[in-house]
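Peer 1: My questions are about this predicted structure, shown below with the sequence.
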Amino acid sequence: MTVSDESSKKFQKELNSGTVALILLAIMDQSTEPLYGYQIVKNLESRSENLPMMKQGALYPVLRSMEASELLTSRVEPSVSGPPRKYYEITPTGHKALQSWKKIWKETTRIVNSVLSGGDNASH
């Protein structure tokens, strides 16, 4: 692996750590009902064919962390076709966080895009 490959993987991993939580909160905010992990993954896949940031196994630690931060709440329900399922739902704190994070995301992407394109409107 070249230095470029290693640094790119590190950059992608660091970038993903914040964006995954933002994406998950947005999906939960847009849902009219609680969702379990597999439904969340299918929702993501329906929006994008290639989601390198979101492997199903990586989803659950993020969901647990968001629940510990009171952004999501969960309940376990029995399943007729297998083990019980843990359903997640966004909390009022999660709704507030999402609104704040969306503003931060828009401002950050505006600045990054401006700088990457060589524009001088990053300060406007």
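Peer 2: Done, it's in.

Peer 1: Could you list the low-confidence segments of this structure?
Peer 2: 1-3, 49-56, 120-124 (pLDDT under 70).

Peer 1: which residue ranges form the helices in it?
Peer 2: For the chain, the helices defined by DSSP state H occupy 3-30, 37-47, 56-68, 92-116.

Peer 1: Kindly reformat these as JSON lines containing distance to Val76 and mean neighbour count.
Peer 2: Using the backbone N, CA and C atoms, a C-beta is placed for each residue, glycine as well. Below are these laid out as JSON lines (distance: least, C-beta to C-beta, whole Å; neighbours: other C-beta atoms under 10 Å):
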{"stretch": "helix 3-30", "distance to Val76": "17", "mean neighbour count": "14"}
{"stretch": "helix 37-47", "distance to Val76": "12", "mean neighbour count": "14"}
{"stretch": "helix 56-68", "distance to Val76": "12", "mean neighbour count": "14"}
{"stretch": "helix 92-116", "distance to Val76": "19", "mean neighbour count": "13"}
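
Peer 1: can you tell me which of these comes nearest to Pro83?
Peer 2: helix 37-47 (11.6 Å; C-beta to C-beta).

Peer 1: Show me what the closest one is packed up against.
Peer 2: helix 3-30, helix 56-68, strand 82-90 (3 or more C-beta pairs under 8 Å, 6 or more residues apart in numbering; DSSP states H and E).

Peer 1: what does it rub up against?
Peer 2: Outside helix 37-47, the residues that touch it by C-beta atoms under 8 Å, 6 or more residues apart in numbering are 23-24, 27-28, 31, 35, 51, 54, 56, 59-60, 63, 85-86, 88.

Peer 1: List just the nearest of the residues you listed to Val112.
Peer 2: Comparing the contacts of helix 37-47 against Val112 with C-beta to C-beta places Ile23 closest, at 17.3 Å.

Peer 1: The helices and strands packed on helix 37-47: which one's closest to Ala97?
Peer 2: helix 3-30 (6.5 Å).

Peer 1: From Leu71, how far out is Pro92?
Peer 2: According to C-beta to C-beta, to the nearest Å, Pro92 stands 10 Å off from Leu71.
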